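*Asks:* the sequence and its predicted three-dimensional model are supplied below.
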Amino acid sequence: MSAITLIANKETVTPKELSPPFDGISVWSFRNRVGESPVWDTDSECLIWIDIRAPALCKLNPETGLLTRWVLPEIVGAVALAQPGCVVLALHHRLAFFDLRSGVLTDFVKVSTEPAFNRLNEGRVSPSGRWFIFGSMDDRDGAKMPTGYLYRAETTGEVTQIHQNLTIANGFSWTPDGKWFYFSDSYPGKVWRASWDEAAGTMGQPQLFTTSLEADGRPDGAFIDDEGHYVSAGVSAGCINVFANDGSLTRRISLPLRAPSMPCIGGKKRDRLFITSLIRPHWESVGEFDGALLELKTAWTGPVSARWQVLSKSI
């Protein structure tokens, strides 16, 4: 396996507390191009996320304001926790491990079935930590085609396609009992769910769960809370949409930016909702908080980010 060492860039940042109608929201103004895939690391008590187009990996300690940023060698589509002090990255067409302490990036497996114009997008560790589920998307400018897949990666490095015909694979999450898997295609604004067999790493036939179009917020990253609500970033409408388990919209939270990309439960007491966001390259002007990281005090309870149980000798 090939490896390179990346240099960590560190700075101390402070959030801005907003006033009504957005009281209770703190803004970390990082100007991410495409902030995505936030995960809360309980070991370091830090939030980890990616900036897809920078491309970069970011780590924030909200208590001290210390932001650490590593510039990556290629576009990145997802990050998830692996061994303590280590994350797995879905890069352009490959999975790699990154040691947050040493800065060493190590190749793990190449995804050889992807068309050249696709890139990997979205990725989550399954509830038991046995599987890394990741997707792909058509990364060409203009109209896109359903050339994306869902994949299951095993700790041995074996990669298997488990679904196809997606345009922008997104919104992965499991119900609290681990029996149902949800995913979306952001392009047509559709969310599906399928039965899930955690032991085998397989899903049943997907059924349409809900549809959310441009004006209401096309579905991007999401999580399922402890009561079974699907909490989705409405990337086209500046909001968080909350869907009941029958697919009906039960709540919408307006945000002080245009394109939220993914929510995540975190904080020392797991009482914070973090939301990444992005900036569209065609926007003529960029708002004050577009591309920022939001932090909201919340009573929500949701999943702890699972770690991919890859043996240390494999990393």
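*Replies:* That came through fine.

*Asks:* and stretch 290-299, what's buried?
*Replies:* Neighbour counts over stretch 290-299 (16 or more other Cβ atoms under 10 Å) mark 290-296, 298 as buried. All C-beta atoms are positioned from the backbone trio N, CA, C, and that covers glycine.

*Asks:* now swap in stretch 301-309 and tell me
*Replies:* Buried-residue list, stretch 301-309, by 16+ other Cβ under 10 Å: 302-303, 305-308.

*Asks:* and which of these is nearest to Asp139?
*Replies:* Trp308 (24.3 Å; Cβ to Cβ).

*Asks:* pretty sure the closest one contacts Gly157?
*Replies:* No. Judged on Cβ atoms under 8 Å, Trp308 makes no contact with Gly157 at a distance of 11.8 Å.

*Asks:* contacting residues around Ala259?
*Replies:* Contacts for Ala259 (Cβ atoms under 8 Å, 6 or more residues apart in numbering) come out as 235-236, 238, 277-280, 290.

*Asks:* meant to ask about Ala78
*Replies:* Contacts for Ala78 were tallied using Cβ under 8 Å, 6+ apart; they are 36-37, 50, 89-90, 120-124, 134.

*Asks:* just the pLDDT for it.
*Replies:* Listed pLDDT for Ala78 reads 98.

*Asks:* is it in a bridge, and if so with what?
*Replies:* Ala90 (DSSP bridges).

*Asks:* could I get the CA-only coordinates of stretch 153-161 as PDB?
*Replies:* Output of stretch 153-161 as PDB, limited to C-alpha atoms (Å, rounded to 0.1, in the frame of the first residue of the first chain):
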ATOM      1  CA  ALA A 153     -16.700  -2.500   1.600                       C
ATOM      2  CA  GLU A 154     -15.500  -5.200   3.900                       C
ATOM      3  CA  THR A 155     -12.600  -4.900   6.300                       C
ATOM      4  CA  THR A 156     -10.700  -7.300   4.100                       C
ATOM      5  CA  GLY A 157     -10.800  -4.700   1.300                       C
ATOM      6  CA  GLU A 158     -13.400  -6.500  -0.800                       C
ATOM      7  CA  VAL A 159     -15.900  -4.100  -2.500                       C
ATOM      8  CA  THR A 160     -19.300  -5.200  -3.700                       C
ATOM      9  CA  GLN A 161     -22.000  -3.200  -5.600                       C
END
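
*Asks:* hmm, back to that, just give me the closest of the buried residues of stretch 301-309 to Thr68.
*Replies:* For those, the closest approach to Thr68 (Cβ to Cβ) belongs to Ser305, at 17.9 Å.

*Asks:* okay, and that closest one sits in which element?
*Replies:* Under DSSP states H and E, no helix or strand contains Ser305.

*Asks:* show me what contacts it?
*Replies:* 39-42, 80-81, 125, 264.

*Asks:* same thing with Gly35?
*Replies:* The contact partners of Gly35, by Cβ under 8 Å, 6+ apart, come to 49-51, 58, 261, 276-278, 291-293.

*Asks:* thank you, goodbye.
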